[in-house]
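*Asks:* Here's a sequence, model it:
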Amino acid sequence: MTAGSRGDVAPYTGLAAGLVRGGHEVTLAAHAVFEPLVAGSGVRFHGLPVDPRAELRSEGGRRLHDSRTGAGKLVRLVSLARTAADDMTASLVEVSRHGEVLLVGGALEPLGYAIAEGLALPSMGLHLQPIRPTREFPAPVLGARTAGPVGNRLSGLAVAFAVGRVSAGPVRALRRRYGLRVTGAAAAHRARERGGWPVLHGFSERVVPRPRDWPAGLDLTGYWWPHETERRLPDDVEAFLAAGPAPVFVGLGSATVPDPDRVSRRIVRALRAAGLRGIVQRGWAGLAATGDDVLTIGEVPHSLLFPRMAAVVHHAGAGTTGAVLRAGVPSVPVPVQFDAAFWAARLVALGAAPEAVPLRRLTAGTLTGALRRATDDGSYAARARALAAGLAEEDGVAPVLAALSRLPR
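*Replies:* Residues are numbered from 1 along each chain as shown. The predicted structure is shown next:
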């Protein structure tokens, strides 16, 4: 079970398909709009209410951009998500009744854990970000700036509390329904920690080393690459690629922006100033560009397109960051909000990106400079290729299969 934007769902489609190949029957519970992502995978789908794209375009969703700090955005997100959690609870309980094991995506951890306890089902967490508190870095959702060992850990505890607050009402109702002891969000988090609830993380230790102060049971598996139904790029994309040198991909994925037309104009000016062709993905931001040297596209498989790019400009979501590293091409991260600044900082630290250009600093000039560095300095491409070679050796599904075999039945 998972909830959120496309980036919060797509990696689980690949994991679920891998578990099917491993002999399991798997149902993915996610927002109904994402059902096409499992087509042809052998994975069953249970549609949850709430359209996350509509939520981000609502008045509350647009207000996320009013906050300039990670903490401010988190407060607004909690408010936005609480109603969604209420709406999804009955559907999650319904599908869970037909399962033998519950695998719970990060944002649904408190709710999924309570459902598993109420139904007496074995369970474990599946995270796409390192959200457990650590002294080594701050909570990713709050940004990348360290607050020192104590401050970093406190930020992680604060985020854990905020995640618990999202589903606090439904969790209390579920625990009463099943005759379980009712606890607060912080106490429930501590109970999961003390009980050694297993949590697997779908990213590579080559990208984020496992924190040394994490307790046993929090493990990194390597990436869960999305299941992709398409086997070739659209004809117009192939024709554009064949018409000139490798272009730059520009897309902001599931992120939204206050003024898509202005952002689109700055992107086009930057590409032309750097002497580069571009492929611009509309995404949830609604970007668009015209001209012989740019092509605007819809959704296409990253695994097919990214390896053929000179560089990738992206919003630095967890999934897109993994896809760029898998492709072995340099990138320019444009973090918009939440954990994007954390992943952008990792790309820079790894030498696969020259710098991050946050959306609030995005101008034609700042993007031009970053693009020139990414494409002219071969060290970024070399480092990206080396990282891709390492990621190709990892199998993120195998550790999950092994963990499933260890769960009590």
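
*Asks:* And for stretch 228-247, what's in contact with it?
*Replies:* For stretch 228-247, contacts defined as Cβ atoms under 8 Å, 6 or more residues apart in numbering pick out 36-37, 39-41, 276-279, 293, 295, 297, 300-301, 303-305, 308-310. Just so you know, the C-beta spots here come from the backbone N, C-alpha and C atoms, and that holds for glycine as well.

*Asks:* Enumerate the positions of that stretch that are buried.
*Replies:* 228, 233, 237, 240-241, 246-247 (16 or more other Cβ atoms under 10 Å).

*Asks:* next one: stretch 85-93
*Replies:* Within stretch 85-93, the residues scored as buried using 16+ other Cβ under 10 Å are 85, 88-89, 91-93.

*Asks:* Could I get those residues in JSON lines, plus columns for secondary structure?
*Replies:* Compiled in JSON lines, the buried residues of stretch 85-93 are given as follows (DSSP: H, G, I helix; E, B strand; the rest coil):
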{"residue": "85", "secondary structure": "helix"}
{"residue": "88", "secondary structure": "helix"}
{"residue": "89", "secondary structure": "helix"}
{"residue": "91", "secondary structure": "helix"}
{"residue": "92", "secondary structure": "helix"}
{"residue": "93", "secondary structure": "helix"}
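
*Asks:* so which of those comes closest to residue 254?
*Replies:* Of all these, residue 88 has the smallest distance to residue 254: 18.0 Å, by Cβ to Cβ.

*Asks:* show me what contacts that closest one?
*Replies:* 3, 48-50, 111.

*Asks:* give me that answer again for 10 Å
*Replies:* Shown in contact with residue 88 (Cβ atoms under 10 Å, 6 or more residues apart in numbering): 1, 3, 29, 31, 48-50, 81, 108, 111, 167, 170.

*Asks:* quick one: least confident of those residues?
*Replies:* Looking at the contacts of residue 88 by pLDDT, the weakest one is residue 81, with 58.

*Asks:* Please report how far residue 103 lies from residue 400.
*Replies:* As for residue 103, its distance to residue 400 is 8 Å (criterion: Cβ to Cβ, to the nearest Å).

*Asks:* what residues do those two have in common as contacts?
*Replies:* Common neighbours of residue 103 and residue 400, using Cβ under 10 Å, 6+ apart, are 15-16, 19, 124, 126, 200.

*Asks:* looking at those, which has the most residues close by?
*Replies:* Each of the shared contacts of residue 103 and residue 400 was scored for neighbours by other Cβ atoms under 10 Å, and residue 16 scores highest at 28 neighbours.

*Asks:* Confirm for me that it is in contact with residue 46.
*Replies:* No: using Cβ atoms under 10 Å, residue 16 and residue 46 do not qualify as a contacting pair, with a distance of 11.6 Å.

*Asks:* Now for those two: what residues contact both?
*Replies:* 27-28, 30.

*Asks:* buried subset of those residues?
*Replies:* Buried, going by 16+ other Cβ under 10 Å: 28, 30, out of these.

*Asks:* Of the contacts of residue 88, just say which sits nearest to residue 159.
*Replies:* residue 81 (13.0 Å).

*Asks:* Going along the chain, name the helices of the stretch 51-200 of the chain.
*Replies:* Ranges of helices within the stretch 51-200 of the chain are 52-57, 59-62, 70-96, 109-119, 148-166, 168-177, 185-194, based on DSSP state H, counting those that start in this stretch.

*Asks:* and those, which one's lowest on average pLDDT?
*Replies:* helix 59-62 (a mean of 55).

*Asks:* Skipping its backbone neighbours, what lies nearest residue 39 in space?
*Replies:* residue 229 (4.8 Å; Cβ to Cβ, 6 or more residues apart in numbering).

*Asks:* Then residue 260?
*Replies:* residue 286 (4.2 Å).

*Asks:* try residue 49
*Replies:* residue 87 (4.9 Å).

*Asks:* and what of residue 281?
*Replies:* residue 251 (3.3 Å).

*Asks:* how many other residues sit next to the one you found?
*Replies:* The number of residues packed near residue 251 is 25, by other Cβ under 10 Å.

*Asks:* swap in residue 392?
*Replies:* 10.

*Asks:* Pull up the gap between it and residue 223, please.
*Replies:* From residue 392 to residue 223 the distance is 11 Å (Cβ to Cβ).

*Asks:* Same check on residue 20?
*Replies:* Going from residue 20 to residue 223 by Cβ to Cβ gives 18 Å.

*Asks:* got it, and residue 279?
*Replies:* As judged by Cβ to Cβ, residue 279 and residue 223 stand 23 Å apart.

*Asks:* which one of those two has more residues nearby?
*Replies:* More neighbours surround residue 223 than the other of residue 279 and residue 223, with 28 against 24 (other Cβ under 10 Å).

*Asks:* now the strands for the chain?
*Replies:* Taking DSSP state E as the test, the strands found in the chain are 27-31, 44-48, 102-105, 123-127, 199-201, 218-220, 248-250, 278-281, 294-297, 311-314, 331-333.

*Asks:* just to revisit the earlier point, make a PyMOL selection of the buried ones in the contacts of stretch 228-247.
*Replies:* In PyMOL syntax, the buried subset of the contacts of stretch 228-247 is picked out as below (16+ other Cβ under 10 Å):
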select buried, resi 37+41+276+277+278+279+293+295+297+300+301+304+305+308+309+310
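
*Asks:* Just the contacts of stretch 228-247: which are in helices?
*Replies:* Among the contacts of stretch 228-247, the members found in helices (DSSP state H) are 303-305.

*Asks:* now those residues in a markdown table, with pLDDT and distance to residue 370?
*Replies:* As requested, the ones in helices among the contacts of stretch 228-247 are exported to a markdown table (pLDDT from 0 to 100; distance: Cβ to Cβ, whole Å):
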| residue | pLDDT | distance to residue 370 |
| --- | --- | --- |
| 303 | 95 | 24 |
| 304 | 96 | 25 |
| 305 | 98 | 20 |
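
*Asks:* now, among those, which is nearest to residue 160?
*Replies:* Comparing the ones in helices among the contacts of stretch 228-247 against residue 160 with Cβ to Cβ places residue 303 closest, at 32.9 Å.
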